[in-house]
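# Have a look; sequence and predicted model below, questions after that.
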Amino acid sequence: MSSPENPYGLADLFPGFASHFIDTKAGRIFARSGGSGPPLLLLHGYPQTHAQWHKIAADLAQNFHLVLMDLRGYGASFVAAGEAGAAYTKRLMAEDAIEVMQALGYAQFHIAGHDRGGRVAYRLALDHPEHVLRLAVLDIVPTAMQWRYMDAEAAMRVYHWMFLAQPAPFPETLIGNAPLYYLEHTLKSWSASKSLDFIDPAALAHYRASFSQPERLHASCEDYRAGATLDRGYDEADLAAGKKIGQPLLVLWGTRGLPGGAPLDIWRQFAVDVQGQKIESGHFLPEENPQATLAALLAFFTAS
């Protein structure tokens, strides 16, 4: 049964966690929180929601006070009005995250982000370093570098970067004719098994509920339009200015690899203290290989 705390009436993947609708200056963000210890914010990627962390949340909550939020436009968070990516920059999403954490009583926090959430995490650290203790990014290189390394092989693998960034309503119309087919094709094709075997059916129900809504489908395309233009421009400006992340940065990536060669060398152009490792996984590390992902995150975020 649906309720304000569970707007889609789906299975609770985080038993014992509190639910929050937090008003920010831009709109209302949905989040879950639980556990005790230093604050750790977890940010999901495309085409998922905060539910993607459910396999490792209980273990992380033994060491941290976890906050898991849906990014604007995803899950149960607000859908921002805007076109050409202007309302979906990672800069604005980072400001949402700061306001959520401040509303929960945290001026400083650890942060880990997968996919689009990783882009929000590193933008937050570049724009607002005073709020970040340590950060981890999962299976990404910086947006500017993703575009720089977009050769023919990369373009075939990550065609969605170009497709979703096309002007509205072109991708929305095509995907909207079969949104669940597109969602499940994406999840399968980015995984190591090329199947949905790695996803708990209850989590898949969360992804289906969000992705099948036309306004959220549009929001996810706007997210990629921002990545192709404004987000890329912010990265290029920081590179030109020599601006780098000062906090410790953990980089995790799956065995299918990342564009541009050595991920750690790429990230050292954006951060001064970089460590990381490859995880036996496709793109969806927290669900495909939760044990290795959990171990890496715990070792990093509990280090003194």
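On my side now, so go ahead. Numbering: from 1, shown residues only.

# May I ask which helix or strand of this structure has the lowest mean pLDDT?
Counting by mean pLDDT, DSSP states H and E, the weakest-scoring helix or strand in the chain turns out to be helix 152-157, with a mean of 88.

# For that one, name the packing helices and strands.
Helices and strands in packing contact with helix 152-157 are not found; criterion 3 or more Cβ pairs under 8 Å, 6 or more residues apart in numbering; DSSP states H and E. Any C-beta I mention is one placed from the backbone N, CA and C, and that applies to glycine too.

# Pull out the buried residues from the next helix or strand along the chain from that helix.
Stepping forward along the backbone from helix 152-157, the first helix or strand reached (DSSP states H and E) is helix 160-164. Buried positions in helix 160-164, judged by neighbour count with 16 or more other Cβ atoms under 10 Å: 160, 161, 164.

# looking at it, the first one is touching residue 183, isn't it?
No. At 11.7 Å, residue 160 and residue 183 do not qualify as touching, with contact defined as Cβ atoms under 8 Å.

# Turn the buried residues of helix 160-164 into CSV, including distance to residue 81.
Compiled in CSV, the buried residues of helix 160-164 are given as follows (distance: Cβ to Cβ, whole Å):
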residue, distance to residue 81
160, 23
161, 24
164, 18
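
# Next, the buried residues of stretch 251-264.
For stretch 251-264, burial by neighbour count (16+ other Cβ under 10 Å) applies to 251, 252, 253, 254, 258, 259, 260, 263.

# just to revisit the earlier point, and which of the buried residues of helix 160-164 is nearest residue 303?
Minimum separation from residue 303 among these (Cβ to Cβ) is found for residue 161, which lies at 33.4 Å.

# so how far is the strand or helix carrying residue 113 from its chain's centroid?
Secondary structure assignment for residue 113, by DSSP H and E: strand 109-114. Between the mean C-alpha location of strand 109-114 and the chain-wide mean there is a distance of 9 Å, by Cα atoms, centre = their mean, to the nearest Å.

# Can you list the strands that it pairs with?
Within its sheet, strand 109-114 is paired with strand 39-43 (parallel), strand 132-138 (parallel), according to DSSP bridges.

# Quick one: mean pLDDT over that strand.
What strand 109-114 shows for mean pLDDT is 98.

# Check stretch 215-235 too.
Predicted confidence along stretch 215-235 averages 98 (mean pLDDT).

# what comes up buried for it?
Buried residues in stretch 215-235, defined by neighbour count with 16+ other Cβ under 10 Å: 216-228, 230-232, 234-235.

# What segments of this protein are strands?
Listed in chain order, the strands of the chain (DSSP state E) span residues 18-23, 28-35, 39-43, 65-69, 109-114, 132-138, 249-254, 274-279.

# Could you say which one of those strands comes nearest to residue 208?
Of all the strands of the chain, strand 28-35 comes closest under Cβ to Cβ, at 16.9 Å.

# closest one to residue 168 among the strands of the chain?
Across the strands of the chain (criterion: Cβ to Cβ), the nearest stretch is strand 28-35, sitting at 23.5 Å.

# Give the partner strands of the closest one in its sheet and their orientations.
Here, using DSSP bridges, strand 28-35 pairs with strand 18-23 (antiparallel), strand 65-69 (antiparallel).

# got the contact list for that strand?
Counting by Cβ atoms under 8 Å, 6 or more residues apart in numbering, the neighbours of strand 28-35 from elsewhere in the structure are 7, 14, 16-22, 50, 57, 60-70, 72, 75-78, 96, 99-100, 104.

# and that strand, how far out from the chain's middle?
Put simply, strand 28-35 sits 15 Å off its chain's centre (Cα atoms, centre = their mean).

# Could you tell me the end-to-end distance of stretch 65-85?
32 Å (Cα to Cα, to the nearest Å).

# same question, stretch 97-117
10 Å.
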